[in-house]
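[1] Quick one: sequence and predicted model below, then my questions.
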Amino acid sequence: MMLAWSNWIKSRRYHAARVFRMIILGVGFFCVLLNSGLPVGAEETQPKSTAEIEKVRRQIAKSRQRVVAHERQERELLRLLEQIDQGLATLRDDVRASERRARLAQESLVRVEGRRKAVDRRLASTRRAMAKRAVALYKTGDVGSLRVIFASSDLQEMLSKIWTLERLLKYDGSLAIRFQEERNALMRVEAEAARALEKRDTARRSLSERRLALNAERKMRRKLLDRVRGDRSQERTLLVELERAGRALEETVSRLGDSDRASILWQSEAFVSLKGRMRRPVSGRVRIPFGRIVDKQYQTETFHNGIEISAPEGETVIAVARGQVRYAGWFRGYGKIVILEHAQGYFTVSGHLEEWSVEVGEVLEAGEVLGRVGETGSLRGPGLYFELRKGRNPQDPALWLSTG
């Protein structure tokens, strides 16, 4: 039994040593092939591998560029939106200016056409008078006037006829002069009419071009917002940017409230007495309320310092109480805004305006117009952003505004 076990052990050692020697020989042969530079298929696979590596490198570079561009785009969504809104505002101003030029040119053309018709009527009357005189002169002939004079019975009759003929000659001369003047006037008026017509047509072409550009810019804005809404990560990034913009607005209002100046509003009605009965800045339903808004997908919260009211573009926005304009301009995230300071340290902010119609320092009474509803800085179309603050503390406008 022990002899059999010893023989089996020796057999296993022999086979193991044999396998080991074969492995060593194989590795040595492979190394020789490598040193000789003749690996099987090397001439075919090496160029292919290099090309694939370059291709992968290019794809990685492009991916990095796309990632960088995407991150930059996410960081600059509000800036891009603001640029589009400012472009839209400029185009709207251009459209209004073109409309005004087209209207003035049309009015000028109407006035010139009226003058041209009046001159044409006078010229036609002069032509008829000259035609009558031409007929009379033709009938009398070349010596008709002399015959009439010498046919006089006495000197007084002759002098009377000479005086009459002189008047006729002066009249004929004045007809000729008037005809020339009226014809020249008609030519000038017709040239002026042609210029007015050209101005009107140019203004109308400009208006058409501006409207096309405005519509194209609006489509670009809608595409941007649709893209943001379709990408939850971009939408979340935009909400973070809006929160940052909200904090910037809060700092701005706070600085305005901290300024040491003699207010002209202390004689106003106590602002707190308006709570629950304050005039609404614009008619419409509240589409975004005041307070915390929860993102269910990301389980995040954002705080809305004001409310958004749905209203048609161009609707007038009024001051909710007597106040002084402290700021009127662009503000990132809110578009065109107007900030009013009221009595007792209260402020109101009106945002997403299409335009403002007030100047900094101007005092408005309750109900006076401060601007018009727009969609500058808005993610939800035309409407009014309205905020009420007591110093740094935002107030819920729903508790202040009347429900009527």
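    Here it is on my side, so go on.
[2] Residue ranges in this protein under the pLDDT threshold?
    1-78, 123, 126-176, 178-179, 224-246, 257-269, 295-300, 404 (pLDDT under 70).
[3] mind redoing it with 90?
    Within the chain, the stretches with pLDDT under 90 are 1-273, 288, 291-305, 329-335, 343-345, 375-381, 390-393, 403-404.
[4] ok, longest strand in it?
    Looking across the chain with DSSP state E, the single longest strand is strand 346-356.
[5] Give me the contact list for the helix or strand just after that one.
    Downstream of strand 346-356, the first helix or strand assigned by DSSP states H and E is strand 363-364. Applying CB atoms under 8 Å, 6 or more residues apart in numbering, the contact partners of strand 363-364 are 264-265, 319, 322-325, 340, 358, 370. Placement of C-beta: from N, CA and C, glycine included.
[6] Ok, stretch 306-313 next?
    Residues external to stretch 306-313 that are found in contact with it (CB under 8 Å, 6+ apart): 280-290, 349, 351-352, 354, 372-375, 378, 380, 382-388, 394, 397-398.
[7] Drop anything exposed from the residues you listed.
    Buried by 16 or more other CB atoms under 10 Å: 280-282, 284, 288, 290, 349, 351-352, 354, 372-375, 378, 382-388, 394, 397, out of those.
[8] just the helices in this protein please.
    2-36, 42-75, 77-140, 144-150, 155-230, 232-258 (DSSP state H).
[9] before we move on, the earlier item: elements contacting the longest strand of the chain?
    Counting contacts by 3 or more CB pairs under 8 Å, 6 or more residues apart in numbering; DSSP states H and E, strand 346-356 is packed against helix 77-140, helix 232-258, strand 323-331, strand 335-341, strand 369-373, strand 383-390.
[10] okay, it in PDB with CA atoms only?
    Extracted C-alpha coordinates of strand 346-356, given in PDB (Å, rounded to 0.1, in the frame of the first residue of the first chain):
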ATOM      1  CA  TYR A 346     -42.900  99.000   3.100                       C
ATOM      2  CA  PHE A 347     -41.900  98.200  -0.500                       C
ATOM      3  CA  THR A 348     -43.700  96.700  -3.500                       C
ATOM      4  CA  VAL A 349     -42.100  95.200  -6.500                       C
ATOM      5  CA  SER A 350     -43.800  94.800  -9.900                       C
ATOM      6  CA  GLY A 351     -42.000  92.600 -12.300                       C
ATOM      7  CA  HIS A 352     -42.200  90.900 -15.800                       C
ATOM      8  CA  LEU A 353     -43.300  94.300 -17.100                       C
ATOM      9  CA  GLU A 354     -43.400  95.000 -20.800                       C
ATOM     10  CA  GLU A 355     -42.600  98.700 -20.100                       C
ATOM     11  CA  TRP A 356     -42.600 101.100 -17.200                       C
END
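[11] which neighbours does it have in its sheet, and in what orientation?
    strand 335-341 (antiparallel), strand 369-373 (antiparallel), strand 383-390 (antiparallel) (DSSP bridges).
[12] the inter-axis angle of it versus helix 77-140?
    Between strand 346-356 and helix 77-140, the angle comes out at 40 degrees (axes from the mean of the first three to the mean of the last three CA atoms, to 10 degrees).
[13] Okay, angle between strand 346-356 and strand 323-331 too, please.
    50 degrees.
[14] Show me which pair in the contacts of strand 363-364 is furthest apart.
    Greatest spatial distance among the contacts of strand 363-364 (CB to CB): Ile264 and Leu370, at 17.3 Å.
[15] what sits against the spatially closest residue to Leu186 that is not a sequence neighbour?
    Nearest residue to Leu186, sequence neighbours excluded (CB to CB, 6 or more residues apart in numbering): Val119, at 4.8 Å. Taking CB under 8 Å, 6+ apart, we find Val119 in contact with 182, 185-186, 189.
[16] My guess is Lys390 contacts Thr348. True?
    No. With contact defined as CB atoms under 8 Å, Lys390 does not count as touching Thr348 (10.8 Å).
[17] out of those two, which sits in the busier spot?
    Thr348 (25 against 15; other CB atoms under 10 Å).
[18] ok, the more buried one touching Arg326?
    No. Thr348 sits out of contact with Arg326 when judged by CB under 8 Å, with a separation of 10.3 Å.
[19] Please enumerate the shared neighbours of these two.
    Shared contacts of Thr348 and Arg326, counting by CB under 8 Å, 6+ apart, come down to 339-340.
[20] what's the domain layout of this structure?
    Per the record, the chain has its domains at 77-229, 233-399, by automatic domain parsing.
[21] most tightly surrounded among these?
    Most buried of these, by mean neighbour count (mean count of other CB atoms under 10 Å): domain 233-399, with a mean of 17.
[22] circling back: using TSV, please lay out the contacts of Val119 together with distance to Ala213.
    Output for these, formatted as TSV (distance: CB to CB, whole Å):
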residue	distance to Ala213
Glu182	46
Ala185	42
Leu186	40
Val189	36
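[23] Of those residues, which is the nearest to Ile84?
    Distance to Ile84, by CB to CB, is smallest for Val189 among those, at 46.5 Å.
[24] Correct me if wrong: the closest one contacts Val112.
    Yes. Between Val189 and Val112 there is a contact under CB under 8 Å: 6.1 Å.
[25] Distance of Lys303 relative to Glu250?
    For the record, residue 303 is Phe, not Lys. Phe303 is 10 Å from Glu250, where distance means CB to CB, to the nearest Å.
[26] Over to Ser310?
    24 Å.
[27] and if you look at Gly87?
    28 Å.
[28] Mind checking the helices and strands packed on strand 346-356 for the one nearest to Arg218?
    Arg218 lies closest, by CB to CB, to one member of the helices and strands packed on strand 346-356: helix 77-140, at 6.7 Å.
[29] Now do the contacts for the closest residue to His342 other than its chain neighbours.
    Take His342 and drop its neighbours on the chain: the residue closest to it by CB to CB, 6+ apart is Gly323, 4.3 Å away. By CB under 8 Å, 6+ apart, Gly323 lies in contact with 265, 340-342, 348, 363-364.
[30] how about 10 Å then?
    265, 268, 271, 338-343, 346-348, 362-366, 368, 370 (CB atoms under 10 Å, 6 or more residues apart in numbering).
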